[in-house]
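> Build me a structure from this.
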Amino acid sequence: MAITGNKNEFFDELEIMATETRKAYLNKKLSEAIKHAYYHAPATREIFDRAKINPAEIRTTRDLQELPITRKADLIELQKQRPPYGGFLTIPPEDVDRVFISPGPIYEPLHTGAINWFAKSFYAAGFRKGDVVINTFTYHMSPAGVLFHEALRDCGATVVVMGTGSTEIQIKTMYDLKVTGFVGTPSFLMNIIKKAEEMGHDFRQDFTLKHAWFTGEMLPPSSREIMEKDYRIATTQAYAVTEPGGAIAYECSNKSGMHLMDEYIVEIVNPETGKQLGSGEIGEIVVTPIHNKAWGLVRFGTGDMSSYTTEPCPCGRTANRLVAIIGRTSDAVKVRGMFIVTRQAEQAILGLKSVSKFQIVIRRKGQRDEMTLKIELKDEAINREELASDLNKGFQNLCRVKIDKIEFVGKGIIPEEHQQIIDERTWK
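Down below sits the predicted model:
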């Protein structure tokens, strides 16, 4: 139920808890979830016992970093060894409400109770009673279609049970039913808009779409700008991971990062050591569900890289926010103690319109990492000294590492198909 007093903005009381209240709440729920998992899930108990950690020792989020991270490959192997749930099921099998399957395959048991992972996200996106929302995520095997459907209903919206399918059918349905909301990926909505225009429609005039909610892929700033400015569609996005249970973080109307859900403990960690990082530092997102009583998963490593901020949000929600999902751990290179991710480097460098292509080369000089940035220009007449200053400043602000050397190279020196970050360091 939405809280009274400001029901147009918040879905429940958890979203506006005071910082210290939230900290105490999460620690309490974490302690309860850890004990429940330890005493009911054999795989969880073995993880603790191997680490020589007593579940009573996990009292706060900080304590979690003493435990190892479980990754997707581990989960797949454990489920092969102990079918079907790998030893992580914490309730009698007959009490499992439903089972979802994600690639692997990984079987994910769900005991819903009072949990609704996505309703807060849809409510923050503006979905309400009276909205007609087309859900383009699959209802087959994957948790997405059904969980999104139920969450939209919790917000009062009418759901069009579409799933995946022909673009033309999606367009006809949106037109006939006067759909006001879209749930899917940004690329699919852009395809729908383009196809509708090819069919002779004026999308802004002929359709009633006003809200779009995205997950499953990155939302490029350019696509968001087109949808919001050209088509007057309010866009929001959420970050979800199927293995730990669903929605991890979601945007509000301010779109200044994604608010962390209170149904999970979310850590940003050094992927090499598992140790937690502070605000603004880039690391891997590690998730521990604390409300799904069926699933004893602890410290699931998502493989996604991000950072978080503790800055207050004007919307009034008080949880920390993920700044952005900037890539995968496989795309990250550590330079002088900081992780640089390809997508983040692109944002810092290609954000300057005079840059055509770039390549970062990392070498080892003595006992120090040295980073050279090779730049190909769109216009050779540009003031290179000013551009170098802008590049260094923007890169250091975003990636928190200083470029040692900038080389301007001629056209064609950097191949069309090229690796953007090259690590030439040797460790002898």
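
> ok but Lys334 is inside a helix, no?
No - going by DSSP: H, G, I helix; E, B strand; the rest coil, the assignment for Lys334 is strand, not a helix.

> Check which residues of stretch 343-359 are buried.
Across stretch 343-359, burial judged by 16 or more other CB atoms under 10 Å covers 344-345, 347-349, 354-355, 357-359. Heads up, the C-betas are built off the backbone N, CA and C, glycines and all.

> got any ranges where the chain has weak pLDDT?
Applying pLDDT under 70 to the chain flags residues 1-8, 112-117, 427-428.

> Work out which residue lies at the spatial centre of it.
Taking CA atoms, centre = their mean, the centroid of the chain lies closest to Tyr239, which sits 3.2 Å from it.

> Which residue ranges of the stretch 301-428 of the chain form helices?
342-349, 384-399 (DSSP state H, counting those that start in this stretch).

> Next, format these as JSON lines and append distance to Leu297.
Output for these, formatted as JSON lines (distance: least, CB to CB, whole Å):
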{"stretch": "helix 342-349", "distance to Leu297": "27"}
{"stretch": "helix 384-399", "distance to Leu297": "32"}
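
> ranking the ones you listed by burial, who's on top?
helix 342-349 (a mean of 19; mean count of other CB atoms under 10 Å).

> tell me which residues in the longest helix along the chain are buried?
When the chain is scanned for its longest helix (criterion: DSSP state H), the result is helix 19-40. By neighbour count on 16+ other CB under 10 Å, the buried set for helix 19-40 is 22, 26-27, 29-31, 33-34, 36-38, 40.

> which stretch of helix or strand covers Ala73?
helix 72-81 (DSSP states H and E).

> let me redo that: Pro68
Using DSSP H and E, no helix or strand contains Pro68.

> Isn't it up against Gly301?
No - counting by CB atoms under 8 Å, Pro68 sits too far from Gly301 to count as a contact (9.5 Å).

> Neighbour count for the two, which is higher?
Gly301 (22 against 16; other CB atoms under 10 Å).

> Tell me the bridge partners for that one.
Arg71, Val286 (DSSP bridges).

> ok, it - contacts?
When contacts are counted by CB atoms under 8 Å, 6 or more residues apart in numbering, Gly301 touches 69-72, 271, 284, 286.

> Kindly indicate the member of the residues you listed with the most neighbours.
Val286 (27 neighbours).

> before we move on, back to that, what is the nearest of the contacts of Gly301 to Lys365?
Pro271 (25.3 Å; CB to CB).

> ok, now which ones touch that closest one?
Taking CB under 8 Å, 6+ apart as the test, what Pro271 contacts is 283-284, 301, 305, 329, 332, 339.

> circling back to that earlier point, so what's the residue count around the nearest residue to the residue nearest to the centre of the chain once chain neighbours are set aside?
Once flanking residues are discounted, Tyr239 sits nearest to Ala249: 4.6 Å by CB to CB, 6 or more residues apart in numbering. The tally of other residues near Ala249 (other CB under 10 Å) stands at 24.

> Hmm, Arg321 and Ala249 touching each other?
Yes - between Ala249 and Arg321 there is a contact under CB under 8 Å: 7.1 Å.

> so what sits against both of those two?
Joint contacts of Ala249 and Arg321 (CB under 8 Å, 6+ apart) are 258-260.

> Could you list which of those residues belong to strands?
258-260 (DSSP state E).

> Nearest to Ile421, out of these: which one, please.
If you rank these by distance to Ile421 using CB to CB, Met258 comes first, at 25.4 Å.

> Now the terminal residues of stretch 289-304, how far apart.
With CA to CA, to the nearest Å as the measure, stretch 289-304 spans 17 Å from end to end.

> no no, stretch 215-225
17 Å.

> What residues sit buried inside it?
Quick answer for stretch 215-225 (16+ other CB under 10 Å): 215, 218-219, 223-224.

> what does stretch 247-264 give?
Buried, per 16+ other CB under 10 Å, within stretch 247-264: 247-252, 257-264.

> Dump it to PDB, restricted to CA.
What follows is stretch 247-264, C-alpha atoms only, in PDB (Å, rounded to 0.1, in the frame of the first residue of the first chain):
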ATOM      1  CA  ALA A 247      14.900  -5.500  -8.600                       C
ATOM      2  CA  ILE A 248      18.100  -4.100  -6.900                       C
ATOM      3  CA  ALA A 249      17.800  -0.400  -7.600                       C
ATOM      4  CA  TYR A 250      15.500   2.000  -9.400                       C
ATOM      5  CA  GLU A 251      15.300   5.600 -10.700                       C
ATOM      6  CA  CYS A 252      12.900   8.300  -9.400                       C
ATOM      7  CA  SER A 253      11.800  11.300 -11.500                       C
ATOM      8  CA  ASN A 254      15.100  13.100 -10.700                       C
ATOM      9  CA  LYS A 255      17.100  10.400 -12.700                       C
ATOM     10  CA  SER A 256      20.200  11.100 -10.700                       C
ATOM     11  CA  GLY A 257      21.100   7.500  -9.900                       C
ATOM     12  CA  MET A 258      19.100   4.500  -8.900                       C
ATOM     13  CA  HIS A 259      17.800   4.100  -5.300                       C
ATOM     14  CA  LEU A 260      18.800   0.900  -3.600                       C
ATOM     15  CA  MET A 261      16.000  -1.400  -2.600                       C
ATOM     16  CA  ASP A 262      15.600  -2.300   1.100                       C
ATOM     17  CA  GLU A 263      14.900  -6.000   0.300                       C
ATOM     18  CA  TYR A 264      18.700  -6.500  -0.300                       C
END
